[in-house]
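Novice: structure, please.
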Amino acid sequence: MAKTVIDLSNITKTYKMYSKNSDRLKEALGLSKKKLFSEFNALDDVSFSIAEGETVGIIGRNGSGKSTILKILTGVLNQTSGNVNVDGKISALLELGAGFNMEYTGIENIYLNATIMNVSKSEIESKMKDILEFADIGEHINQPVKTYSSGMFVRLAFAVAINVNPDILIVDEALAVGDTRFQLKCMDKFIEFMEAGKTVLFVSHDINAIKRFCNRTIWLNQGKLIMDGDTADVTDRYMDFLKSELSIEDYYARQDERIKSKKDAETKLLENIDIAEIDSINIIDEKGNVIQDIQHGANVKVRVGYYVGDESIENPVLGVAIRTIDNEYICGVNTLLDSMKISWKKGYNEVELNYSCFNLTGGEYYFDVALFDSTATVQIDYKTKIKTFIVNMDYIAEGIVVLNHTWKNVD
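Specialist: Take a look at the predicted model:
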């Protein structure tokens, strides 16, 4: 089991809010015995832990507490209550260049930032060539940073932060800086960190980027942790919340009502099911997205949902077949042949079938799905053409399937 490198327990960050500056002064001087402020919780009892090597996304509206939690992790802010434990050296791409002295030269600011990040002089000197090459600002490195363009300033700040070999990298909307060529360099470095097994905390409003890089995502709203789990599940729920334009309380009240309505509908459905009934089939890509078309050679999953009304059936069998659009039988598999025992609890069940290297040639196909008795002879339910799909393929072969193959010359 991977070790925990970030552990936050019951973190709260409270700010005093004064309606007038004079009230703040009165309290500081002890001139008032009554409370002159209201309290605002930027974070409210937030807890989560992150294991070594994880890439975790953090999402939420502006003001949700994302930046506050990152500043607490990096020591810029102290929490009002709760415990923070960080095991490893952190490099944070938060407010790029926040630690720069505008009067210092670029070189002097590199050493200054190294000191702030507890990086030794010898270590930063060993990284100096990489930093200068990454920043690519030429002789300007010896000029005061107050003379830099915004692009030069950002490139130097990013180069310093990214080249100190941290154990934990925190990124806050910092990948979209500079020109396109520099963004490509930043992205390459970001991917290099992940492939090296570094721990990455990635904060972004770009949900597609979160889905692309993170397997796990944390959703914050008004200082509270709303969800922490699989990225596809969390981001889908978050986007649904944004589209609803409801408060978080009203949104979850509506979700509870939906769940209740779904349970009521399932109860009514089960009353009319004799043994079992196939409900749906979805095709899912490697990123967890539901897709309609399949790219030739891709790894895909087929998720079959079905309702069970009679739990007494022993060792039922699920079969999935693929046919061409003109009904030519391509391939049929079932759980009896593959020695797989399917879920059979009363109510809704799902089974997932994985296809590695889906190598049918381009064209239109469809799925048949069936539930059988234990011998795969008696049909409990059969749905034909339950899902039609297209396989997209370049012109690399002919026929129905592209068999794995290689060529070589024989002497």
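
Novice: check contacts around residue 123.
Specialist: For residue 123, the contacting residues are 114, 164, by C-beta atoms under 8 Å, 6 or more residues apart in numbering. Heads up, the C-betas are built off the backbone N, CA and C, glycines and all.

Novice: tell me the SS of it?
Specialist: Taken by DSSP: H, G, I helix; E, B strand; the rest coil, the conformation at residue 123 corresponds to helix.

Novice: that one and residue 204: what is the separation?
Specialist: Residue 123 sits 29 Å away from residue 204 when distances are taken as C-beta to C-beta, to the nearest Å.

Novice: quick check: residue 347 vs residue 398, distance?
Specialist: Between residue 347 and residue 398 the distance is 46 Å, computed by C-beta to C-beta.

Novice: same deal with residue 70?
Specialist: According to C-beta to C-beta, residue 70 stands 55 Å off from residue 398.

Novice: ditto for residue 104
Specialist: To residue 398, residue 104 is 67 Å away according to C-beta to C-beta.

Novice: those two - which one has more neighbours?
Specialist: residue 104 (15 against 7; other C-beta atoms under 10 Å).

Novice: for that one, give me its contacts.
Specialist: So residue 104 contacts 112, 144-145 (C-beta under 8 Å, 6+ apart).

Novice: hmm, try it at 10 Å
Specialist: Counting by C-beta atoms under 10 Å, 6 or more residues apart in numbering, residue 104 touches 110-112, 144-146.

Novice: next, it: phi, psi?
Specialist: Taking degrees, to the nearest 10, you get phi -80, psi 160 for the backbone angles of residue 104.

Novice: do you know the pLDDT at the closest residue to residue 194 other than its chain neighbours?
Specialist: Excluding the flanking residues, the one nearest residue 194 by C-beta to C-beta, 6 or more residues apart in numbering is residue 55, at 5.4 Å. Looking at residue 55, its pLDDT is 92.

Novice: quick one: residue 55 from residue 299, how far?
Specialist: Counting by C-beta to C-beta - residue 55 and residue 299 are separated by 20 Å.

Novice: between those two, which one's more packed in?
Specialist: Legend: neighbour count by other C-beta under 10 Å for residue 55 and residue 299, higher for residue 55 (22 against 12).

Novice: just list the residues touching that one, thanks.
Specialist: Contacts of residue 55 by C-beta under 10 Å, 6+ apart are 169, 171, 190, 193-194, 198-202, 210, 213-217, 231.

Novice: could you do residue 228 as well?
Specialist: 46-49, 56, 58, 216-220, 234.

Novice: again, but for residue 48
Specialist: 6-9, 11, 56, 58, 69, 216, 218, 225, 228.

Novice: repeat for residue 242
Specialist: 59, 61, 207, 251.

Novice: what separates the last one from residue 407, distance-wise?
Specialist: As for residue 251, its distance to residue 407 is 58 Å (criterion: C-beta to C-beta).

Novice: neighbour count winner among these two?
Specialist: Comparing residue 251 with residue 407 by neighbour count (other C-beta under 10 Å), the higher total belongs to residue 251, at 18 against 4.

Novice: secondary structure element for that one?
Specialist: Take DSSP states H and E as the rule and residue 251 turns out to sit in helix 248-271.
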